[in-house]
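1. Pasting a predicted model and its sequence here:
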Amino acid sequence: MRSRSQSATRSFSNKRRYLFSKYDHGIKLDDESWYSVTPESIGEYFAEKCNQVFKTEEVNILDAFAGCGGNIIQFGKHCSYVYGCDIDKTKIEY
């Protein structure tokens with residue numbers, strides 16, 4: 001019998017390419033991240049909107065709850081400097 005965590009991971013892993021289009025290119029997620037990571041399309045939307053609002057040449061972003069990087073990856077495409085931190089060592093290593 002599978003644990004609740006394994007069932008959730010399996011359920012979300014079926015949506016892995018929705019979460020990250022390049023999932024097969026080395027994306028790593030722990031059990032919690034499967035259901036808490038920001039999907040790529042939503043992160044892209046946030047990053048574009050942030051870039052439009054702050055129309056300066058240099059935009060600095062701090063993601064204090066970076067997790068596995070769902071937002072940081074997208075902000076890195078649009079902003080000058082992106083910093084992320086998290087209290088979970090596993091997420092930082094991933």
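-> Nice, thanks for sending it over.
2. Surely Glu40 touches Gly70?
-> Yes - in this structure, Glu40 is within contact of Gly70 by CB atoms under 8 Å, at 7.0 Å. Just so you know, the C-beta spots here come from the backbone N, C-alpha and C atoms, and that holds for glycine as well.
3. between the two, what contacts are shared?
-> Residues within reach of Glu40 and of Gly70 at once, by CB atoms under 8 Å, 6 or more residues apart in numbering, are 19-20.
4. tell me the pLDDT at Asn71?
-> Listed pLDDT for Asn71 reads 90.
5. so what's the residue nearest to it when sequence neighbours are not counted up against?
-> Spatial nearest neighbour of Asn71, chain neighbours left out: Gly43 (4.7 Å); criterion: CB to CB, 6 or more residues apart in numbering. Shown in contact with Gly43 (CB under 8 Å, 6+ apart): 70-71, 73-75.
6. neighbours around the closest residue to Cys79 other than its chain neighbours, how many?
-> Among residues not flanking Cys79 along the chain, Val59 sits closest, at 4.2 Å (CB to CB, 6+ apart). Counted with other CB atoms under 10 Å, residues neighbouring Val59 total 17.
7. for Asn51, same thing?
-> Using other CB under 10 Å, Asn51 is surrounded by 16 other residues.
8. Quick one: mean pLDDT for the helix or strand hosting it?
-> For Asn51, the element it lies in under DSSP states H and E is helix 40-53. Averaged across helix 40-53, pLDDT comes to 89.
9. what's the answer for stretch 78-90, then?
-> 87.
10. what about it, start to end distance?
-> Stretch 78-90 has an end-to-end distance of 26 Å (CA to CA, to the nearest Å).
11. Return the distance of the most centrally placed residue in the chain relative to His78.
-> Centroid-nearest residue in the chain: Gly70, 1.0 Å away (criterion: CA atoms, centre = their mean). Gly70 sits 14 Å away from His78, going by CB to CB, to the nearest Å.
12. Now do the same contact list for Cys85.
-> 62-64, 66, 92.
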